[in-house]
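A.B. asks: Pasting the sequence and the predicted model now:
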Amino acid sequence: MWTFLKRRTLTQWILAGMVAGALLGWLEPDLGVKLQPLSTVFLRAIKSIIVPLVFATLVGGIAGHGDDLKKVGRLALRAIIYFEVVTTLALVVGLVAVNLARPGVGVALGATGAGPEAGTPASLASVLQHIVPQSFFEAAAQNEVLQVVVWSILFGLGLTQVTGKPREVIVGFCGGLAEVMFKFTSIVMKYAPVGVFAAIAFTVGHGGVRVLASLAAVILTLYAALVVFLLGVLLPVILLTRVPLRPFVRAIKEPALIAFSTASSEAALPLALERLEQMGVPRRIGSFVLPVGYTFNLDGSTLYLAVGSIFVAQAGGIHLSLGQQLGMMLTLMITSKGVAGVPRASVVILAASVASFGLPLEAVAVLFGVDQLMDMARTCTNLIGNGLAACVMAKWEGEFGVKTEVG
């Protein structure tokens with residue numbers, strides 16, 4: 001029996017944890033809700049890895065291999081162009097799906113309890129100001145990943161101007177820190193099945209199976225649209241760029257399961273970096289593309305915002321022309337930048353944006369009741385999309401499969 005248990009892979013244990021958590025949440029909802037601290041411990045441990053890992057890999061990647069700064073600029077330009085093309089396609093898929101399925105038609109709006117509060121939609125100026133931290137330590141303490149990325153890039157660029165022993169010491173330190181954090185990740189991942197089990201048990205125990213029935217249409221619309229996006233957009237990208245499909249699936253499956261079960265992009269980031277590097281994505285590319293992608297390449301979240309916003313209009317009996325829908329999509333794309341680490345960020349953005357367009361917030365509160373289930377799917381899609389982006393960038397840079405070391 002012990003031998004059988006030892007031979008099970010992490011993926012198998014995570015799947016078992018998901019199934020067991022769902023059963024427990026269904027059969028014993030009160031107990032399932034009480035298990036939330038176990039999932040919180042897992043998420044806190046993962047989040048503690050993010051800042052040192054991103055800092056070490058980015059600085060080491062830029063300064064360790066970055067005498068030619070044109071490589072950094074070229075990678076950034078290619079990544080941003082790729083991100084915008086793919087997220088635009090995600091919007092198109094979401095808009096088509098929600099207009100065909102019309103899941104909001106016939107939804108009864110009423111008292112639904114406390115939902116997300118509407119806020120002021122972010123402007124382009126505020127987004128630009130937000131990406132530069134006034135203190136690295138403040139950004140690190142608050143897990144502001146984009147700010148850490150920007151500061152680390154600037155630090156790495158500054159380090160390329162330094163010669164001799166000071167540069168060697170810092171680059172060597174970053175290389176050692178990155179190795180330690182990958183080992184740290186491996187230790188934390190041993191707890192992943194327990195954390196996933198508790199997260200699923202809490203989700204089902206808190207919401208119950210009955211809460212899903214009234215919103216089955218919008219949930220199915222979102223999941224179907226995400227499947228269409230994966231097969232109709234990301235799969236052709238894999239084939240066109242000749243990213244090896246089976247190795248990519250093997251590399252991304254465990255991080256994707258963690259992202260799905262915890263609904264946290266940050267929870268899957270360290271393991272995704274490690275698996276993609278093992279697959280052949282150089283560390284300097286993966287450590288740049290993945291964190292930046294969580295700001296500019298939120299495929300799943302963007303698709304959800306398209307579905308959610310039109311669902312709100314349909315539930316409120318408001319007809320939106322194609323031009324109005326496209327205008328709303330542009331607003332949502334801008335306001336969604338830089339908030340990947342904020343819990344329930346997509347719902348808050350949706351609430352702020354629909355309020356500015358005069359749509360009923362009551363429908364957003366309806367979505368809030370099942371947001372956890374939809375958040376799991378969109379977060380998983382975000383992870384897969386950014387993992388593929390790292391592979392595509394490595395291919396375009398001609399470095400896919402080239403083993404490099406920091407230091």
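C.D. replies: Everything's here; your move. Residues are numbered from 1 along each chain as shown.

A.B. asks: In contact with residue 193, which residues are there?
C.D. replies: Applying Cβ atoms under 8 Å, 6 or more residues apart in numbering to residue 193 gives the contacts 10, 13-14, 16-17. All C-beta spots, glycine's among them, are computed from the backbone N, C-alpha and C.

A.B. asks: actually residue 32, sorry about that
C.D. replies: Contacts for residue 32 (Cβ under 8 Å, 6+ apart) come out as 21, 24-25, 201-202, 204-206.

A.B. asks: before we move on, back to that, show me which of the contacts of residue 193 is closest to residue 131.
C.D. replies: residue 14 (33.2 Å; Cβ to Cβ).

A.B. asks: could you dump the contacts of residue 193 to TSV with pLDDT and secondary structure?
C.D. replies: Below are these laid out as TSV (pLDDT from 0 to 100; DSSP: H, G, I helix; E, B strand; the rest coil):
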residue	pLDDT	secondary structure
10	72	helix
13	82	helix
14	78	helix
16	85	helix
17	84	helix
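
A.B. asks: Can you check the pLDDT for residue 115?
C.D. replies: Residue 115 carries a pLDDT score of 45 in this model.

A.B. asks: cool, and residue 18?
C.D. replies: On the pLDDT scale, residue 18 gets 77.

A.B. asks: Surely it is in contact with residue 204?
C.D. replies: No: at 10.3 Å, residue 18 and residue 204 do not qualify as touching, with contact defined as Cβ atoms under 8 Å.

A.B. asks: more crowded one of those two?
C.D. replies: Ranked by neighbour count (other Cβ atoms under 10 Å), residue 18 and residue 204 place residue 204 first, with 24 against 19.

A.B. asks: nearest residue to the more buried one other than its sequence neighbours?
C.D. replies: residue 25 (2.8 Å; Cβ to Cβ, 6 or more residues apart in numbering).

A.B. asks: measure the residue sitting nearest the centre point of the chain to residue 322 for me?
C.D. replies: The chain has residue 265 as the residue nearest its centroid, 3.7 Å off, counting by Cα atoms, centre = their mean. The gap separating residue 265 from residue 322 is 31 Å, by Cβ to Cβ, to the nearest Å.

A.B. asks: So what's the residue count around residue 81?
C.D. replies: Number of residues near residue 81 (other Cβ under 10 Å) recorded here: 10.

A.B. asks: which residues sit in contact with the nearest residue to residue 247 once chain neighbours are set aside?
C.D. replies: Beyond its immediate neighbours in the sequence, the residue positioned closest to residue 247 (Cβ to Cβ, 6+ apart) is residue 279, lying 5.3 Å away. The contact partners of residue 279, by Cβ under 8 Å, 6+ apart, come to 247-248, 250-251, 391.

A.B. asks: What residues of stretch 187-202 count as buried?
C.D. replies: Buried residues in stretch 187-202, counting neighbours by 16 or more other Cβ atoms under 10 Å, are found at 188-189, 192-202.

A.B. asks: What about those residues, which are in helices?
C.D. replies: Within the buried residues of stretch 187-202, residues falling in helices by DSSP state H are 188-189, 192-202.

A.B. asks: quick one on the thing from earlier: can you convert the contacts of residue 193 into TSV and add a column each for neighbour count?
C.D. replies: Compiled in TSV, the contacts of residue 193 are given as follows (neighbours: other Cβ atoms under 10 Å):
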residue	neighbour count
10	17
13	19
14	22
16	14
17	22
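
A.B. asks: Make JSON lines out of those and add distance to residue 372.
C.D. replies: What follows is the contacts of residue 193, written out as JSON lines (distance: Cβ to Cβ, whole Å):
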{"residue": "10", "distance to residue 372": "23"}
{"residue": "13", "distance to residue 372": "22"}
{"residue": "14", "distance to residue 372": "18"}
{"residue": "16", "distance to residue 372": "21"}
{"residue": "17", "distance to residue 372": "17"}
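
A.B. asks: Out of those residues, the closest to residue 331 would be?
C.D. replies: Using Cβ to Cβ, residue 14 is the member of these that sits closest to residue 331, with 36.8 Å.
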